[in-house]
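In: generate a structure from the sequence data that follows.
(2 chains)
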Amino acid sequence: MSTSSQPDADALPAGAGKATSSYGRFGQADVVAALVLAAIVAGPVLGRFFTAPAFQTWCTMFVAIVLQAVPFLVLGVVLAALVSEFLTEPLLKRVLPRHPLAAVPAAGLAGMALPGCECASVPIAASLLRNGAVPAAAFTFLLAGPAINPVVLVATSMAFPGRPEFVLARFAASLLASLVVGWLWALRGHTVPLRMSERHGGHHHAGEAGGTGGGGWPRVRTFVSEARHEFVHTGGFLIIGAGIAASVNTFLPRDVLTTLGSHQILSVLVMAGFAFVVAMCSEADAFVAASLTAFSDVARLAFLVVGPAVDVKLVTLHAGHFGRRFAVVFAPVVFLVAVGSAALVGGLLL
Amino acid sequence: MTRATQAIVVTLIGAVVLRLALFGGYLDYVRAWTRIPLIICGVMLVGSSIVTALRRPRDDGHDRPRVAWLLVLPVFVVFIVQPPSLGSYVAEHQSDQPPPKRDVTLPQATDGKPMRLQIFEFIETAAYNSASLVDRPVRLVGFVSYDDDGNWYITRLSITCCAADAVSSRVQVVGKPAPPRDTWIDLVGTWVDPHVANTAKVKPQIQVRTMRTISKPQEPYES
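Out: Numbering: from 1, shown residues only, chains lettered A, B, ... in the order given. A predicted model of the protein is given here:
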């Protein structure tokens, strides 16, 4: 699924890296523009070759996931840019409790205020980290935000009418999982390499502008440029995740799941694994869980707790923002803690 | 990726979002409520590039995440493949699950006109309040899908967020030969009473009275 423009694309920025701008000469941007024009003109003709139902289904789901994510992604990067602009290091230090162990629950509860799903939380957490938040607190926010915000809880209560305990269990299990991961990180996190994605070049200009008392237009441009950089960066990783999720949704028949649903412990792991590969939006997953009636309540709770915390789409986003070696450790830890938390809370409440 | 290319890519994504949101194509992929957010985002994405275009070129050194190239993929997919709303392929690859239990009551019959029901409502009613469907003409709208045994179904997909979470509801149609796959039909018929105690365990069927072919509705999914 790579693009044909890749070779030219990588060859050209090498020149651009030496501070020569590509404005005003025939360069990378022109190639892209030409290719896209060609696609728009030739699209209706080429389209006739792409009519296999499975392929079209994949394309529809892929476009659907991307389209659904765009508003949340834009919201996320705008909030992230606001965070990096206004929630500055000194302010953050004053707001968050100093001790990492105390900062974790504060960050977890702050997650309740995130108005969106997981695509929004990753850039915000990255922005918090860059501004000097304790990693443990940033990751707690990252995990709690998409799982326990009011939109998701209302969606869950609509999906399970007459079962308020399901909403409570989801809230408790997700919060517990994010706190446990946060505390684990506070204690052992220093052993995991964390490589932040490059800070956008424009930010240095923000510093200059601030230093010279600049505001207004340059500041707006910096803000826009930073947000757009973040969008392109996060968006690229989102595309990978959307492609994988569309493949799973297109080619994995749900019947396979249903036949595995009868076994108690196995069904919990199956649903947790399903949540990981299917990478569903946290506002939609409750409805899917409700429709999978062959599974026990605990298994469905595991689906709801694992999904917003870690899935293929999120792993690609984490790798992009925090480094591959981080993602390789973070994903399994979160997965295990989420499953354990769901089993514990589900056993008590459901 | 140079800043100029980045601006083009973001403009393209914004243009695709705007095109789908303004001309109705978005309903093949997402729910109706997303229209306003999508329009706002499309304007913001296109607008952000205008802001960049107004600024003088600068050092591009830090500004080229390679992964950003993938963002052109959905643009090409939308323009070249032009993927249609989901249809029989999805329905035929899902198993027909009994609906989750819930209380269903249908409105009182009015003037003997057939009652318009969503397909999932019909299935729920057949499972949990079947008495109210006996001898009552209902109208269903959906597309045609088959199964391996040669039966055919009037089918509709429901989505919660986007097409990737589509769940199919379908009712087997008896009394008419099957139209081709994915034909959209509007039919009036009555529930076939299986005469068993627990109708939730039986796949619902509808006996056709009248049926006509229609074009795809603007909103192809139930919700």
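In: check the secondary structure at residue B:169 for me.
Out: Counting by DSSP: H, G, I helix; E, B strand; the rest coil, the backbone at residue B:169 sits in strand.
In: got a list of what it touches?
Out: Listed by Cβ atoms under 8 Å, 6 or more residues apart in numbering or on different chains, the contact set of residue B:169 reads B:99, B:118, B:119, B:120, B:123, B:155, B:156, B:157, B:158, B:222. Any C-beta I mention is one placed from the backbone N, CA and C, and that applies to glycine too.
In: what about residue A:48, how many residues close to it?
Out: 7 (other Cβ atoms under 10 Å in any protein chain shown).
In: same question but for residue B:215, I mixed them up
Out: Neighbourhood size, residue B:215 [other Cβ under 10 Å]: 6.
In: give me the distance between it and residue A:192.
Out: 56 Å (Cβ to Cβ, to the nearest Å).
In: spit out the contact partners of the nearest residue to residue A:89 once chain neighbours are set aside.
Out: For residue A:89, ignoring the flanking residues on the chain, the nearest one in space by Cβ to Cβ, 6 or more residues apart in numbering or on different chains is residue A:132 at 4.1 Å. Listed by Cβ under 8 Å, 6+ apart, the contact set of residue A:132 reads A:89, A:92, A:93.
In: for chain B, give me the ranges with low pLDDT.
Out: Along chain B, the model assigns pLDDT under 70 to residues B:53-65, B:109-110.
In: which helix or strand contains residue 125?
Out: Picked chain A for this. Applying DSSP states H and E as the criterion places residue A:125 in helix A:118-130.
In: not what I meant, chain B
Out: In this assignment (DSSP H and E), residue B:125 forms part of helix B:119-128.
In: likewise for residue A:274?
Out: Assigned by DSSP H and E, residue A:274 falls within helix A:264-278.
In: sorry, back to before: alpha carbons of the helix holding residue B:125, in PDB - could you do that?
Out: Output of helix B:119-128 as PDB, limited to C-alpha atoms (Å, rounded to 0.1, in the frame of the first residue of the first chain):
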ATOM      1  CA  ILE B 119     -35.100  -3.900   9.200                       C
ATOM      2  CA  PHE B 120     -33.500  -4.200  12.600                       C
ATOM      3  CA  GLU B 121     -36.700  -3.100  14.200                       C
ATOM      4  CA  PHE B 122     -38.600  -5.800  12.300                       C
ATOM      5  CA  ILE B 123     -36.100  -8.400  13.500                       C
ATOM      6  CA  GLU B 124     -36.300  -7.300  17.100                       C
ATOM      7  CA  THR B 125     -40.100  -7.300  17.000                       C
ATOM      8  CA  ALA B 126     -40.200 -10.700  15.500                       C
ATOM      9  CA  ALA B 127     -37.900 -12.000  18.200                       C
ATOM     10  CA  TYR B 128     -39.400 -10.300  21.300                       C
END
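In: can that helix be said to contact chain A?
Out: No. Applying Cβ under 8 Å from any Cβ of the partner chain, one finds helix B:119-128 separated from chain A by no less than 10.3 Å.
In: tell me which other helices or strands that helix touches.
Out: strand B:138-146, strand B:152-158, strand B:167-174 (3 or more Cβ pairs under 8 Å, 6 or more residues apart in numbering or on different chains; DSSP states H and E).
In: next, the angle from that helix to strand B:138-146.
Out: Per axes from the mean of the first three to the mean of the last three Cα atoms, to 10 degrees, the angle that helix B:119-128 makes with strand B:138-146 is 100 degrees.
In: for residue B:112, which non-adjacent residue is spatially closest?
Out: The shortest distance from residue B:112 to any non-neighbouring residue, by Cβ to Cβ, 6+ apart, is to residue B:137 (7.8 Å).
In: for residue A:135, same thing?
Out: Excluding the flanking residues, the one nearest residue A:135 by Cβ to Cβ, 6+ apart is residue A:189, at 5.5 Å.
In: distance of the one you found relative to chain B?
Out: 25 Å (Cβ to the nearest Cβ, to the nearest Å).
In: do stretch A:143-153 and chain B meet at all?
Out: No. Using Cβ under 8 Å from any Cβ, stretch A:143-153 stays clear of chain B, coming no nearer than 11.2 Å.
In: contact partners of that stretch?
Out: Contacts of stretch A:143-153 (Cβ under 8 Å, 6+ apart): A:107-118, A:120-121, A:124-125, A:167, A:170-171, A:174-175, A:177-179, A:181-182, A:282-283, A:286, A:305, A:308-309, A:334.
In: ok, and which of those reach chain B?
Out: The residues of the contacts of stretch A:143-153 that also fall near chain B, by Cβ under 8 Å from any Cβ, are residue A:283.
In: pull the number of nearby residues for residue B:84.
Out: The number of residues near residue B:84, taken as other Cβ under 10 Å, comes to 17.
In: hang on, it in a strand?
Out: No. Residue B:84 is assigned coil when assessed by three-state DSSP, not a strand.
In: and the helices in chain B, which stretches?
Out: Assigned helices in chain B, in chain order: B:3-22, B:35-53, B:72-76, B:88-92, B:119-128 (criterion: DSSP state H).
In: that older thread, surely the residue nearest to residue B:112 and residue B:189 touch.
Out: Yes. Using Cβ atoms under 8 Å, residue B:137 is in contact with residue B:189, at 7.0 Å.
In: you'd agree the residue nearest to residue A:135 is up against residue A:137?
Out: No. In this structure, residue A:189 is not within contact of residue A:137 by Cβ under 8 Å, at 10.7 Å.
In: more neighbours: which of the two?
Out: Comparing residue A:189 with residue A:137 by other Cβ under 10 Å, the one with more neighbours is residue A:137, at 28 against 20.
In: can you name the element that comes right after the helix or strand hosting that one?
Out: Assigned by DSSP H and E, residue A:137 belongs to helix A:135-148. Next along the chain after helix A:135-148, taking DSSP H and E as the criterion, comes helix A:150-159.
In: I'd like the mean pLDDT over the next helix or strand after that next one, please.
Out: Where DSSP H and E defines the elements, the next helix or strand beyond helix A:150-159 is helix A:164-188. On average, the pLDDT along helix A:164-188 is 95.
In: tilt between helix A:164-188 and helix A:135-148?
Out: 170 degrees.
In: packing partners for helix A:164-188?
Out: Helices and strands touching helix A:164-188, by 3+ Cβ pairs under 8 Å, 6+ apart, are helix A:100-110, helix A:135-148, helix A:150-159, helix A:297-309, helix A:324-349.
In: hmm, back to that, quick one: average pLDDT of the helix holding residue A:125?
Out: Helix A:118-130 comes out with an average pLDDT of 84.
In: who's in contact with it?
Out: A:69, A:72-73, A:75-77, A:79-81, A:83-84, A:87, A:92, A:111, A:114, A:135, A:137-139, A:141-142, A:145-146, A:196-197, A:199, A:230, A:234, A:238, A:281-282, A:308, A:311, A:313-314, A:317-318, A:321-322.
In: now intersect these with the helices, please.
Out: A:69, A:72-73, A:75-77, A:79-81, A:83-84, A:92, A:135, A:137-139, A:141-142, A:145-146, A:230, A:234, A:238, A:308, A:313-314, A:317-318, A:321-322.
In: any idea which residue sits dead centre in chain A?
Out: residue A:119 (3.6 Å; Cα atoms, centre = their mean).
In: so how far is residue A:69 from it?
Out: Relative to residue A:69, and taking Cβ to Cβ, residue A:119 is found at 5 Å.
In: tell me, what's touching these two both at once?
Out: By Cβ under 8 Å, 6+ apart, the residues touching both residue A:119 and residue A:69 are residue A:238.
In: and residue B:6, how far from chain A?
Out: For residue B:6, the distance to chain A equals 5 Å [Cβ to the nearest Cβ].
In: I'd like to know how many residues surround residue 181.
Out: Here I'm looking at chain A. By other Cβ under 10 Å, 28 other residues sit near residue A:181.
In: that's the wrong chain, I meant chain B
Out: For residue B:181, using other Cβ under 10 Å, the count is 17.
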